[in-house]
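Peer 1: pasting the sequence and the predicted coordinates here, then a few questions.
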Amino acid sequence: MLRRIEVGLRPQVTDTVGRNVAAKIRASLGLNVESVRLVRVFTVDGLSGDDLARMVAQGVLHDPVLQDAALDLLPAPQGAAPADWVLEVGFRPGVTDNEGRTARDTLALVLNADRRSIAVYTSAQFHVTCAKDAPLSRADMEHIARDLLANELIQRFMLKSRDEWAAEPGFVPQAAQVTGASSDEVAIIPLSSMDDAAMLAFSRENTLALSLEELHAIRAYYADPAVRQDRAALGLPADPTDAEIEVLAQTWSEHCKHKIFSARIDYENRETGRREVVDSLYKTYIQGSTKTIRQRLGERDFCRSVFKDNAGVIAFNDTHDVCIKVETHNSPSALDPYGGALTGIVGVNRDPMGTGLGAELLCNTDVFCFASPFHEGELPPRLLHPRRVMEGVREGVEHGGNKSGIPTVNGSIVFDERYLGKPLVYCGTVGMLPKEIHGRPGWYKKALPGDVIVMAGGRIGKDGIHGATFSSEELHEGSPATAVQIGDPITQRKMYDCIMRARDMGLYNAITDNGAGGLSSSVGEMAQDTGGCRLDLSRAPLKYDGLRPWEILLSEAQERMTLAVPPEKLDAFLALAREMDVELTPLGEFTESGRFHVVYGDRQVACLDMDFLHDGVPQMQLSAVWERPAFAPECECRLNPAPAEQGPLLHAMLGRLNICSKEYLIRQYDHEVKGGSVVKPLVGVKRDGPADAAVVRPLLGSQAGIVLSHGICPKFSDYDTYWMMANAIDEAVRNAVAVGGDPDRMAGTDNFCWCDPVQSEKTPDGQYKLAQLVRANQALAHFCLAYGVPCVSGKDSMKNDYFGGGVKISIPPTVLYSVLGVMDDVNRAVTSDFKRPGDKVYLLGDTFRELGGSEIADQLNTVGAHVPQVDALAAMDRYRALHGAINAGLVTACHDLSDGGLAVALAEMAVGGRLGARCDIAAVPAPSHGGAMTPTELLYSESASRLLVTVKPENAAAFEARFAGSACACIGEVTSDATLTVTAAGAPLLAEGVEGLARSFKATFDW
Amino acid sequence: MAQVNTLVITGYGTNSHEESAHAARLAGADRADVVHFADIVARRTRIEDYNFIVFPGGFLDGDDLGAAHAAAQRWLHLSDADGQSLLDRLKEFIGRGGLALGICNGFQLLVKLGLLPALDGKYFERQVSLGHNDSARYEDRWVTLKVNPQSPCVFTRGIDTLYVPVRHGEGKLVPLDDEVMRRLVAENLVTLQYAHPETGAVTMEYPWNPNGSPLGIAGLTDPTGRILGLMPHPEAFNHPTNHPGWTRGEPATLGTVLFENAVRHLRGQ
C-alpha cells in the first residue's frame, strides 16, 4: 500500500529555498507572490504503516532539528494561515529519482530489509501565498507549474486551491512506477519486402535516422547468400531483427560514425575558382595535422594516445600522463536543461574514466551558448525560455560537477539569439593516468578473447533510448521525451571509487563507458579488440520490467561502464564491488568469432558481422560551394563617438552579455576541490577579475601543473568560418600562454557544433554550410600546424537546427577549441589583475581596423567589414617570447585581448587589481591600412594575438629586449588613484573610477 | 613520542580525501591512510589502529535527505564483519582520546551523528544541525575565520585567524533550541567564526559570513576539545599557490596548521 511521509521545516527555521522559489516566480514570470513554503514528500511502497510511523519517529528520512515530519499529512505550522494554492510536483514513471533511491536504501538499511522490496518516489509541494491584492488564478498557477517548477516532459503536477485543500486536504499518494511484464520478444523487420518509400517511412517512424543509401546497404547485406546461410544455421530469420536494425542505426548514426566528417566532399571555392575533392575532413585536416606535428616533433612528441580512445592522452611528467575529452549535450539540454546538462557532465566524466585503463578525474570545463536570458517575445513551440535554459543548465552542471567532486575550473558563456533554437552545452573533463600500471602503459588497453563482458554501475531502464539517432536529427515539436535522462552523480562516484581500486589491483584488461548507444556501442567497440562477442541480455540488471531485448541493448541509462575481465579475476572483482555497494554483472564474453552476437537466454536477438557493423556504412558524397558573403565594406562607418560618450560607452560595453562578469555562475561551481587550485576563475584583490585560463596542480606533492583554456568565436562565422576557427585556436593558445603555459607543450581538442550542412529541401543552403565546415577544417589544420598544437581528441554535433511553428532557427557555426597545456612549475603562474602602482603597461601585438563581428559594432548598431585575421608566425614568436619573460619572472600581470578589445581588457585588469592606469592610445602599435583608426576603433577592435602585460619599471629594459623588433609598446602605467584614464596623444578620452567599472561589469548577472 | 596514525574515510560521495590525507602528511603524521567505508565494515581497516580520524568534505549520498543524513544512518545502524556495531567502534575511539576532524560534509556528518557539540557529554544525540545557506545557494569563496582563544579545541591552539575557502550549500548552524545556543557560547564550544577580513570582527554580513550562520559560527568543538567540525576547507590551502591572492603576495598561514596542531597534541601524549 502506498503511504506518504511529508517533511517540512520547523517554524523557527528560515525556509530559504521557499524564499528563493518565490523570488524566481517574481523575477522569471513577473508574478507577484507573498511567500512559498516547501514540503518534501516521500511516497513509499512496500512498508507497513507501523514501520513507517517508526521511521518518522526515529527521524530516518528527516532531520528533527531542522524539520517536522508526519505520516500522510503534515499539518501546517502553528499560526500559519493556509496557503492560497498548493502545487505538488513529482516525477513521471521511469524518470531517475536520486533522492527516492537514497530514501529507499536508507529505509532498507534501518529496517534491515531487502532494497528491492521497497520503492520510494519523491515529490515537492509548494504552498503558495499570494501577495495582498494580487490573487493568482488557476491559470497563473499552471503557468508557474509548467514554465518554472515542473518540466512536463519528466514531471507531473497536481494543484489545489485553498478551498479545495480545505475540503480535502492533501494529495492522494501516487507511485511513479513503470509497469510492464518482462519480455523476450524479438520482432522481425520485413526489409526485403519493403520498397524505398516504405523503408524511409520505417526509418523515420522509429527515429532511426537511416538514409536510403544506408537502408540499401543493409538490405544487400541480408540478401548475401553467405549471410543467409549463416543466419539460418543460428536460427535467425532471413530478415533483420528489430535489435539488429537498431544496432546498425545506432552504430551508423551521425553521432557515432561522424558521417559528414568522413564524407567525400566536392568543394568548390567560387572566390578563387578552385575545385577540390576532400576525402574525409576528419582524416585530411584533423588527424592529418596531428600526424604531421607528431612527426615533426620526433623524440619530443608528447602525444601518447590520440583519437582512438575515449579521451586524448599526452605526457605530463615522469610518472603520469594526462588526458582530455570535451563533449556536447545540446539536444537533451534543449528539452530538459537540468537533466541534459547534468547528464552531459557526468557523461563526459566517464570518457577519461574509460580511457586507457581508467584515468583519475582532475577537473571539468564547461562552455555554454544561449540566447539572451532577457529574451522577450513569443517563443516557438516546444522551446523553453533562455533564462530557464540557462538556470537549468547551470544547476545541472553544478550538481554534476560538485557532487562528483571534480572542480569546474574553466568555462565561458556565449550569447547569440540563434541559440534560442538549440542551446550548446559543452562539457569537458581532464583526467590523469599513471604512466605504467602493472607493467603496461596506463593509456593502453585491450580486451582478450575469453574475457568476461562485465557491466558496472547503474541499472538499465528506458532512459535515453534513441539518444544517438535522436541527436543526429534536428529538434522538432515531436522530439521524443525518452531522449531525456537525469544523471546520478553518486552512483557514478561509487562506481568510480570501485573502478580506481580495481584498476590498481589489476582486475580488468579494458574498460570503456556506456554513452550513446549503450551496450550496443560499448560492447560493439570493445569487441573489435578480439574480433567478436557473445552478449546475453537476460542477465542485465533492469530498473523495471517491460524492456524488450533491443531496448536493453540500446538503452542509454547512465552511470555504466563496460569492462573486459579475465575469468580468473571475476570473483575477486565481484566481491570488491559488493563490498563497495556497486552493482557488477557479467553479461557474456569477448570472442574471436567475427560476430557481434546477442542472445536473450535461449533466444537469438542479433548476429551481425563485425566488419559490416563497423565498416559497412556507405561513405556520404556531398558537395560544398563557397561564395564569400558580402559585408559591404564601402558602407562600414567610422566608429567615432564623441569623447564625452567614451565613459558611458565603456560602462555599457562591460555590461554586455558576452563581456560581463559571470561570477554568479562561477561561485556556484566548486572550483578547488582536490586541493590543487593555482589560478582560479576569479582573481584579484576582491576576487572578481576574470582569469584567462585555469592552472591546476594535480599531484599535491609536486610543483608541476596543467593549464586549461579555450577559444570560441562564432561571432566571426557569418563572415568566414576560416577566420572563426583561426581566432578560436589563437584565443585558446593565447589564454593558456597568458597564465604561464608553455606554447610548445600544448594539445588541442576541437568540438564542432554545426547546423545541418547537407543540401536538402529543408536545408536549401546546405552547400554553403558545408563549405563553411570545409573552411573551418582547413583553418584548423593550418593553425594547429603553425602553432604546433596537435588535436588529440574532439567531437562534432551536426544537426543544431530547430523546426517548429513554421520557423527554422539554425545556430551560427560554432567551434570550441580547448587547450590542455603543461607547466613544470606552477609558482611561475601569472594572473590578470594589476599588481602595483608604477608597473608599466605593455601592449603586445598589432591592432587593425578589424571590427567585423565585434562587440563594439553590435553595441553601436553597425556592421564591421573585416573580421580579425591571425598571423600565426608573428603570434607564435610573441607567445614564445612572452613565455620566456614570464619564466624569467619579468611579468607581474598578463591578460589577453578578446571580446571588447583593449578598453575592456584594461578595465578588467584594473578591476582585478582595484588600481587605476594612465594609458595613451597613440602608443598602440597599429599599422594603418586605409586610414588611421579612430580612438574608438583602437580601443575596441578585436584583432587577434594581442596581450596586455605589466612589468616592474626596473625590469622594463629586460622585458623590452625580449620583444625587440616586434609589436610591443609601453602604452602607460598602473596608478594608485583607482581611475582608469585613457588619452589620445594627450587629449583626454576617458577617466573612469575603477569601483564604478567593477559595478558595471557585475550588474548584468546580479541575480 | 606517540605515533600519529591518521584515518581518512571516504566512499559514498566523499571527495576531498586525497587533499585531507596530504594535509595530514604535510603536518607530520606518521601515517595518513585513505580508506573506504567498506574497508571499515569489512575490517580490512581497524579503527583501533588509529588515533586521528578525518571525515573529509564531499557530497555523501548526494546530499539527498539533507547533507550527510543518510551517511549518519549508515554509521548508526551498520555492524562490521566482526559483528561489532560501527557506533561502538566510534564510541571506543572517542573514549580513548582519539582526535576527530570533520570538514564541510564531514562536519555535517559529525553534527548529524551527534558527535558535535555533545553538550553534557551526550555523544550520538543530535543537538544542532546545519541547514541551507541564507542565499539558498551552493557557493565557493574564501572566508576569514576568527579563532575563539577560550575554546578547549586542541586543533586551533595558538591560531588567531585563518583564511580558507568555503564550498557548501548547507552550512548555516541551527540549534535544537535557544538553550543549546546559549550553552555553545557559554561553554566556548564555538571555536571558529566568520570574521570581516579588515576589522577581524565576527560578522553576519554577506559574503564575509557566507551562509548566515548565527553568531558567524563556522566551527564547533566538543567539551573535550578533541573533536572539531568546520564548514570551511583547511586542507584546500595546502600550498601557497592555493591562496586566491598568492600572485599578489598576500600573506596567510596554510590551512594545514589545524592538522599540525592535531599532530602536536597526539605527539605530546
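Peer 2: Now that the structure is in, tell me what you want to look at. All values derive from a computational prediction rather than experimental measurement.

Peer 1: now do the strands in the stretch 201-350 of chain A.
Peer 2: With DSSP state E, counting those that start in this stretch as the criterion, the stretch 201-350 of chain A has strands at A:264-269, A:274-279, A:303-305, A:312-315, A:320-328.

Peer 1: just the CA trace of the first one, in CSV.
Peer 2: Taking C-alpha atoms only, strand A:264-269 is exported to CSV below (Å, rounded to 0.1, in the frame of the first residue of the first chain):
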residue,chain,number,x,y,z
ARG,A,264,33.8,12.6,-49.7
ILE,A,265,33.2,16.3,-50.4
ASP,A,266,33.4,18.0,-53.7
TYR,A,267,34.4,21.5,-52.6
GLU,A,268,34.1,24.4,-55.0
ASN,A,269,35.6,27.7,-54.0
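
Peer 1: pLDDT on it, on average?
Peer 2: Averaging pLDDT along strand A:264-269 gives 97.

Peer 1: residue of the stretch 601-750 of chain A closest to chain B, please.
Peer 2: residue A:675 (2.8 Å; C-beta to the nearest C-beta). Every C-beta, even on glycine, is put in place using the N, C-alpha and C of the backbone.

Peer 1: tell me the secondary structure at the closest residue to that residue other than its chain neighbours.
Peer 2: Excluding the flanking residues, the one nearest residue A:675 by C-beta to C-beta, 6 or more residues apart in numbering or on different chains is residue B:19, at 2.8 Å. When classified by DSSP: H, G, I helix; E, B strand; the rest coil, residue B:19 comes out as helix.

Peer 1: now residue A:160
Peer 2: strand.

Peer 1: chain B: strands as residue ranges?
Peer 2: For chain B, the strands defined by DSSP state E cover B:5-10, B:31-36, B:52-55, B:99-103, B:128-131, B:139-147, B:161-168, B:172-175, B:190-195, B:217-221, B:227-230.

Peer 1: quick one: closest of those to chain A.
Peer 2: Short answer: strand B:128-131, nearest of those by C-beta to the nearest C-beta, at 3.7 Å.

Peer 1: in a strand, residue A:37, correct?
Peer 2: Yes: assigned with three-state DSSP, residue A:37 falls within a strand.

Peer 1: can you count the residues close to it?
Peer 2: 22 (other C-beta atoms under 10 Å in any protein chain shown).

Peer 1: now do whichever residue of chain A sits closest to chain B, the pLDDT please.
Peer 2: Relative to chain B, the nearest point of chain A is residue A:405 (2.3 Å; C-beta to the nearest C-beta). Per-residue pLDDT puts residue A:405 at 96.

Peer 1: look up how far residue A:134 lies from it.
Peer 2: 44 Å (C-beta to C-beta, to the nearest Å).

Peer 1: out of those two, which sits in the more crowded spot?
Peer 2: residue A:405 (25 against 11).

Peer 1: isn't the more buried one right next to residue B:59, touching?
Peer 2: Yes: under the criterion of C-beta atoms under 8 Å, residue A:405 makes contact with residue B:59 at 7.0 Å.

Peer 1: pull up the overlap in contacts between these two.
Peer 2: Counting by C-beta atoms under 8 Å, 6 or more residues apart in numbering or on different chains, the residues touching both residue A:405 and residue B:59 are A:493, B:13, B:14, B:15.

Peer 1: make JSON lines out of those and add neighbour count.
Peer 2: JSON lines is the format used below for the shared contacts of residue A:405 and residue B:59 (neighbours: other C-beta atoms under 10 Å in any protein chain shown):
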{"residue": "A:493", "neighbour count": "29"}
{"residue": "B:13", "neighbour count": "27"}
{"residue": "B:14", "neighbour count": "27"}
{"residue": "B:15", "neighbour count": "25"}
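
Peer 1: what's the most distant pair in those residues?
Peer 2: A:493 and B:14 (8.6 Å; C-beta to C-beta).

Peer 1: who touches both of those two?
Peer 2: A:405, B:59.

Peer 1: number of nearby residues for residue 212?
Peer 2: In the absence of a named chain, chain A is used. Neighbour number of residue A:212 under other C-beta under 10 Å is 12.

Peer 1: um, chain B though
Peer 2: Residue B:212, neighbours per other C-beta under 10 Å, totals 20.

Peer 1: quick one: contacts for the closest residue to it other than its chain neighbours?
Peer 2: Closest residue to residue B:212 apart from its sequence neighbours, by C-beta to C-beta, 6+ apart: residue B:134 at 3.1 Å. Residues near residue B:134 by C-beta under 8 Å, 6+ apart: A:14, A:16, B:172, B:206, B:211, B:212.

Peer 1: ends of stretch A:110-130, what's the gap?
Peer 2: This stretch, stretch A:110-130, spans 41 Å end to end (C-alpha to C-alpha, to the nearest Å).

Peer 1: tell me the mean pLDDT for that stretch?
Peer 2: Mean predicted confidence for stretch A:110-130 is 96.
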